[in-house]
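A.B. asks: give the three-dimensional model of this entry:
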Amino acid sequence: MEEDVKSDVIMLLGLTEPTAAQEKIIDFLITDTIEAVRAYCRLEFTPRVLSGLIAQMVVKQYREAAYGSSEQPRDIKSISEGERTISFENRSLSGLLNSYRDRLKPYMNRKGRVPSDIK
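C.D. replies: Just a heads-up that it's a prediction; the model follows:
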């Protein structure tokens, strides 16, 4: 499944020949996103139908966090004209899963797991 997601991510990002560094970042984000979805939905395995959604989540993370850049992306918080002042705020990706809550809801395991269930 990870290879399918990877090819989708590369296509969605418009990369014709990704560099080794880009591929490492994409691989990391795919693994991290799959684990986050599993934990959020309380799943032991990831259904194949979620591969497209996971690819979209990875692309969003890649773009919003500006991976591969040495600077953290910032949004303009306010602009003042007199004596020209511009203030910035750092972006937060903490709500990534929350923004996909409605699409993940059908796959949530209501029973859940407790640590003693995991072998």
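A.B. asks: hey, let's count contacts and neighbours off CA atoms from now on
C.D. replies: OK.
A.B. asks: which SSE is Ile79 in?
C.D. replies: Per DSSP states H and E: Ile79 is located in strand 74-80.
A.B. asks: could you do Arg110 as well?
C.D. replies: Counting by DSSP H and E, Arg110 is found in no helix or strand.
A.B. asks: and it, how far is that from Cys41?
C.D. replies: Going from Arg110 to Cys41 by CA to CA, to the nearest Å gives 8 Å.
A.B. asks: which of those two has more residues huddled nearby?
C.D. replies: More crowded of Arg110 and Cys41, by other CA atoms under 10 Å: Cys41, with 19 against 10.
A.B. asks: so who does that one touch?
C.D. replies: Leu104, Lys105, Tyr107, Met108, Asn109 (CA atoms under 8 Å, 6 or more residues apart in numbering).
A.B. asks: ok, then the element right after the longest helix belonging to the chain?
C.D. replies: Longest helix in the chain, counting residues (DSSP state H): helix 20-41. On the C-terminal side of helix 20-41, the nearest following helix or strand under DSSP H and E is helix 51-65.
A.B. asks: that following helix packs against which elements?
C.D. replies: helix 2-13, helix 20-41 (3 or more CA pairs under 8 Å, 6 or more residues apart in numbering; DSSP states H and E).
A.B. asks: now it - C-alpha only, PDB.
C.D. replies: C-alpha atoms of helix 51-65 as PDB (Å, rounded to 0.1, in the frame of the first residue of the first chain):
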ATOM      1  CA  SER A  51      -4.700   5.200   0.400                       C
ATOM      2  CA  GLY A  52      -6.100   8.200  -1.600                       C
ATOM      3  CA  LEU A  53      -7.000  10.100   1.500                       C
ATOM      4  CA  ILE A  54      -3.600   9.300   3.100                       C
ATOM      5  CA  ALA A  55      -1.900  10.600  -0.100                       C
ATOM      6  CA  GLN A  56      -3.800  13.800   0.200                       C
ATOM      7  CA  MET A  57      -2.900  14.200   3.800                       C
ATOM      8  CA  VAL A  58       0.800  13.700   3.100                       C
ATOM      9  CA  VAL A  59       0.700  16.200   0.300                       C
ATOM     10  CA  LYS A  60      -0.900  18.800   2.600                       C
ATOM     11  CA  GLN A  61       1.700  18.200   5.200                       C
ATOM     12  CA  TYR A  62       4.500  18.400   2.700                       C
ATOM     13  CA  ARG A  63       3.300  21.700   1.300                       C
ATOM     14  CA  GLU A  64       2.200  23.400   4.500                       C
ATOM     15  CA  ALA A  65       5.300  22.500   6.500                       C
END
